[in-house]
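K.L.:
Would you be able to build a 3D model of this:
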Amino acid sequence: MASRKKRLLFVEGDAVTLRGLGRVLEPRRADWDMVFAVNTADALAALDREPFDAVVAGLNLSGTTGVGFLNEVAKRHPRLVRFIRCTFEERRGLKGFAGSAPQHFPTDLDADEALNVVRRALLIEEWFGNPAIKALLTKLRKLPTLPSLYSQLLHELQSPNVAVDTVAQLIAKDPVMTAKMLQLVNSAYFAMPRQITDPVEAVMILGLERVRSLILLAQVFSQFDKTQCEGFQLEELWRHSVAVGTYAHLICQAERKPTALADQAFTAGLLHDLGKLLLAGNLPQAYAQVLEQAQRRKVPTRTVEFELFGTTHAELAACLLGTWGLPLGILEAVAWHHQPALSDDTTFSLLTAVHVANAIDHEKRAPPADALVSLMDPAYIQRLGLAGRRNRWRETCQCPTKPQDEPLGFV
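P.N.:
Numbering: from 1, shown residues only. Predicted coordinates:
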């Protein structure tokens, strides 16, 4: 479903810099409505005169600084998303912002990277601005924090000389995490010819990126291991999450996508149902009612979630992951894995991989009466021109294929 063009205002104090920025972004003018201003008075007048979705300001502007200009913008237009364009080193030293600090817009990005920074911020703003999400968040007393082991691993991975045995030794300090990692590498998904018992070997097989994602999921799960919600099965959610992550990775490989995209698909698949854990852990009685109604009425869980909460586990998880700084593609895959048509996708994406992987795992575990029913969104898959790939994806994930004119059960 195509959305309206987002309207952006870029402000720089130097005309040469502004023209250079305009040239970088020129290839994306068809998708974004971009206005460029070298004079802060003109920029403020434009903001007062017509609506914008975001403003991006450089550090040094005519008659003021980027900080001073954005403070004035915040005073006049408090709901406008603001960015400061500078290097990472410059951003660390900036102070004096009124209210919440603007988001960082790095100077060394290409057009797609730059506009993805804006798009990500606007999506998160839209999700958090949803009244249903706002109301639900006030009821959640326990929100998971970014796990300390995950943060330590991120620090290690930033080193140009990171060693596999260093990562394995770090993980080995956490017996539960070690057990989860060995459980995955010895599962049917990897079909190893022998039992793997050495954490170093497990890290080598899984790869550093997948290990990092597994740590994130496992440690979030551990924060809710005492959840008591009738009808909620923590182990089944773990199994499904790992399956979808693994299938999404395999599907990217089948489509011959870059390793980096396949690794992100694994992460998005692992995290796609994190919102269910948040709801079961914080609202056990209400979520038990959701699960009971879904089973009794034979409708998807998200249908009942939307009836009771006005939103679903998918959007809730995307909000949390957005605050943790996860990339745009992962946020979209999590938020829209049930409704991929909400995206602007015209080609295969992370969302495609996770949507298909989720559908395939549900198809594999469907009762015999529903074995011929497809759970993939037919209009979305057709829009991508990939309808002929559905059975190839099923074969990749060792799922029974379906007739060419497969019956549809997508909701």
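
K.L.:
For the chain, which segments count as strands?
P.N.:
Remark: strands of the chain, listed N- to C-terminal, are 6-11, 32-37, 54-58, 60-61, 64-65, 81-86, 103-106; assignment by DSSP state E.

K.L.:
by contact count, what packs against the fourth one?
P.N.:
Contacts defined by 3 or more C-beta pairs under 8 Å, 6 or more residues apart in numbering; DSSP states H and E place strand 60-61 against helix 66-76. All C-beta atoms are positioned from the backbone trio N, CA, C, and that covers glycine.

K.L.:
try the second one
P.N.:
The contact analysis (3+ C-beta pairs under 8 Å, 6+ apart) places strand 32-37 against strand 6-11, helix 15-25, helix 40-49.

K.L.:
possible to save the ones you listed as a markdown table with distance to K298?
P.N.:
Shown next, in a markdown table, are the helices and strands packed on strand 32-37 (distance: least, C-beta to C-beta, whole Å):
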| stretch | distance to K298 |
| --- | --- |
| strand 6-11 | 40 |
| helix 15-25 | 49 |
| helix 40-49 | 51 |
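
K.L.:
pLDDT at P367, what is it?
P.N.:
At P367 the predicted local distance difference test score is 69.

K.L.:
swap in the one 5 residues further on?
P.N.:
As summarised for this prediction, L372 has a pLDDT of 49.

K.L.:
ok, L137 - how many residues close by?
P.N.:
Other residues lying near L137 total 17 when counted by other C-beta atoms under 10 Å.

K.L.:
domains of this protein?
P.N.:
As recorded under automatic domain parsing, the domains making up the chain are 6-129, 148-396.

K.L.:
what distance separates the start and the end of the longest one?
P.N.:
Terminal residues of domain 148-396 lie 35 Å apart, using C-alpha to C-alpha, to the nearest Å.

K.L.:
follow-up on the earlier one: now the strands of the chain in CSV, please, with extra columns for mean neighbour count.
P.N.:
Supplementary listing: these in CSV, determined by neighbours: other C-beta atoms under 10 Å:
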stretch, mean neighbour count
strand 6-11, 21
strand 32-37, 17
strand 54-58, 25
strand 60-61, 18
strand 64-65, 17
strand 81-86, 22
strand 103-106, 18
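
K.L.:
Can I get the ones you listed in JSON lines including distance to I251 and mean pLDDT?
P.N.:
Compiled in JSON lines, the strands of the chain are given as follows (distance: least, C-beta to C-beta, whole Å; pLDDT from 0 to 100):
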{"stretch": "strand 6-11", "distance to I251": "30", "mean pLDDT": "94"}
{"stretch": "strand 32-37", "distance to I251": "30", "mean pLDDT": "94"}
{"stretch": "strand 54-58", "distance to I251": "33", "mean pLDDT": "95"}
{"stretch": "strand 60-61", "distance to I251": "47", "mean pLDDT": "90"}
{"stretch": "strand 64-65", "distance to I251": "48", "mean pLDDT": "92"}
{"stretch": "strand 81-86", "distance to I251": "33", "mean pLDDT": "94"}
{"stretch": "strand 103-106", "distance to I251": "31", "mean pLDDT": "90"}
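
K.L.:
returning to that earlier point: out of the helices and strands packed on strand 32-37, deepest packed?
P.N.:
The highest average neighbour count among the helices and strands packed on strand 32-37, using mean count of other C-beta atoms under 10 Å, belongs to strand 6-11 at a mean of 21.
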